[in-house]
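Enquirer: no sequence on hand, only this structure:
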């Protein structure tokens, strides 16, 4: 039967209250009739017999009906209670039948069988009710308590009932025993009820039903005592006031059987264990209360009569032995409890000691140094890990101001940090300082300061110090590599643009800012004929010659390939930019000695100054970018001349932009005319050399110009915003093609990589667009990889982070394209949900050569592994590069060594046949 913890319904409570009122009225009316003798003895007998029979039957039916609502021991208990009450009713019916015949009701008779049957059945029913499971000690205590209560009640009954009955007997011994059985049986039932009430109260359980049953049995006991005494003296007659107790007892049992229940224990098992004597004091004190009551009764009786019987002496002795036994049992339990408590305290102490040792070990072997200082920076506690990490012994630092160990600037910053948190409990702040190592010089450290002054276990400011020197060195290395050309160590495009912007911002009225663009002529022939190693050496020598030709404050940069740039700041009208450009042009024809060969290259230089920018392009918002573009235009003008040449920017060169505008207009119509095509370059798994996916690359088949390179029209699309519809078309076509291959080959779609522009990230609907495309094409989200440049991480950081998080929630893969050519701090890489780093081809070019310079490529691969990202190497053109990347642990690769970007039909064949990579 399920456990119900719900309170009884209000309607059921009201019905039971009305029944209780009605029963109370009947009991009062019954008592008035029998006690006042209204109508004479005949009327009292006419009311008593049928009334008692009806009350017994009603109580029996109530118990039996209640039993049907339960199973197990509860059902058995209520059934036996009902049968016991019914047995008494049958006995009464027999007495009434015998009473209508001439003469008194004989003793013994069938009525006595029914009466005594109630004692046996009711006692069995009470014992059948479930009680708490007890330990052996508690069971022994329960037995002793029951015997003490029974002996005490027996002694009280002896004084009040039994001895007077024995002295007043004038009938047979059997009749005496029968009459004595009533009070003795009542003692047994009352003992059981009282003890069970005490046990249930000790458990804190509802005992209302059992209390009503117990009250009814007490009422029975009062009437049975009176009946036994009056019967022995021949003074009992049906309808006397003695019958009121029986009627009240039946009424109370009826109310107990009909009382609504608020919760039920499971019917087929005992209540939960109840060990010990904790809980309600009533159950603990009950045996002693009964003993005191019996002793008090004994004292009063002896004071009145002046004598005592052997029975009284024996009973007192038994009580004394029971009390002694119970005290011995309690003493043993207390000793066991004391030992148990001592064991638990010892175990808990050992546990706390072990926990303390584990904490101590963790602190001492942690990568952090834990220091507790006061508000004055004096060290209160220093973990031993400081010696392992910074070389200082803990006792050397303890008791002295920590600021005294640091340099002046770091000490002042630490003092400011301590003051900033000392007034705010549990506040914390993070600072980076230079911390001296005892033997290895200064180290960079990250310190987290937490205010635990109010914590009684700490009472200070806690400093968690971590050595971040290697991390800072790696970050500085990445910053340097991001801003410098890996081959020549010159500034790259990103750093050069920043320097131009700074120069323009700091320019005075009489200052001039000029930019030179240099492109080598004939460099491709050197690469093709002598190889990349010779080409790299040539670029290095060109960089050295450029650096020697410029002034000390000028900035020389390499943009990639054979393109160089120079930033010159000078006084207006001094002509210094032209002089530097002329020195470069004059110095380039001198041969470059590479190994045993003299190599000759020419150069074309474009020169643009801020003066011409102000005169011709005042409407542009990005002066630095426009100045670089103007120098680029001038350089292309110089290339048209034979030999090494120099050309200065002229606003008339903007005429060349007309062609660009025409190209832009044609690009706007290219999508509608179906002129765009996708080519696919395979991505190879370096572990097994299998094609695992493709990168979708857009091509423009112009009806007049023919195939136009993405380098010519993608910048136009970026600048005009056409990249947004163009990007959606590429995404749709790439996903559609992947699904077409999957349906043709009967397998899951391959991984498809699609480039996403910064301009697309500027639109908040990018995740929605990607979701729509995935839904329309049926492309699995985890098979789509969106590639972006590092600039996405550095511009509109919070908004782009939100875009990336929403894209990642779709299930797509995110990759950083051309990694290493921009600037991505470790903090950004950890913060953004990126899955893949694509190593730029410029870092792959020299892999496998004799002068192998794989440091940066290896660093990027290790960085990706440490961040849980896969790495893709771009631009692999020879086996040596492939082997080097495999040794580094690079995951995937792309390049002409495997395949050029090819149309969809040829890419489908590559997917089936492989790209020809050798394991």
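Expert: It's in. Only a predicted model underlies this, so the values are computations on that prediction, with no experimental measurement involved.
Enquirer: for the helix or strand hosting residue 117, give the mean pLDDT please.
Expert: Secondary structure here is read from DSSP states H and E; on that basis residue 117 sits in helix 110-128. Throughout helix 110-128, pLDDT has a mean value of 73.
Enquirer: please apply the same query to stretch 385-403.
Expert: Computed over stretch 385-403, the average pLDDT equals 85.
Enquirer: what's in contact with that stretch?
Expert: Counting by CB atoms under 8 Å, 6 or more residues apart in numbering, stretch 385-403 makes contact with 363-371, 373, 376-384, 405, 411-412, 414-415, 435-440, 443, 463, 465, 467, all of which sit outside it. (Glycine included, C-beta is placed from N, CA and C.)
Enquirer: just the buried ones from those?
Expert: By the neighbour-count criterion of 16 or more other CB atoms under 10 Å, the contacts of stretch 385-403 include these buried positions: 368-371, 373, 377-379, 381-383, 405, 411, 414-415, 435-436, 443, 463, 465, 467.
Enquirer: from those residues, which land in strands?
Expert: Counting by DSSP state E, the part of these found in strands is 368-371, 373, 379, 381-382, 435-436, 443, 463, 465, 467.
Enquirer: show me where the stretch 501-650 of the chain has its strands.
Expert: 511-521, 555-560, 563-571, 592-594, 597-599, 602-609, 645-648 (DSSP state E, counting those that start in this stretch).
Enquirer: and what of the stretch 751-900 of the chain?
Expert: Read by DSSP E, counting those that start in this stretch, the stretch 751-900 of the chain holds these strands, from start to end of the chain: 751-755, 784-788, 813-819, 836-839, 870-873, 892-893.
Enquirer: poorly predicted segments of the stretch 151-300 of the chain, please.
Expert: Applying pLDDT under 70 to the stretch 151-300 of the chain picks out residues 153-154, 156-185, 187, 194-207, 228-238, 262-286.
Enquirer: pull the number of nearby residues for residue 55.
Expert: For residue 55, the count of nearby residues is 26 (other CB atoms under 10 Å).
Enquirer: tell me the SS of it?
Expert: Using DSSP: H, G, I helix; E, B strand; the rest coil, the secondary structure recorded for residue 55 is helix.
Enquirer: just checking, it touches residue 255?
Expert: No: because the distance of 11.5 Å does not satisfy CB atoms under 8 Å, residue 55 is recorded as not touching residue 255.
Enquirer: residues contacting the residue nearest to residue 647 when sequence neighbours are not counted?
Expert: Spatial nearest neighbour of residue 647, excluding adjacent residues (CB to CB, 6 or more residues apart in numbering): residue 638 at 3.7 Å. Residue 638 makes contact with 604, 605, 606, 645, 646, 647 under the criterion CB under 8 Å, 6+ apart.
Enquirer: try 6 Å this time
Expert: In this structure, residue 638 makes contact with 604, 605, 606, 645, 647, judged by CB atoms under 6 Å, 6 or more residues apart in numbering.
Enquirer: what pLDDT does the model give the fourth one?
Expert: The model reports residue 645 with a pLDDT of 78.
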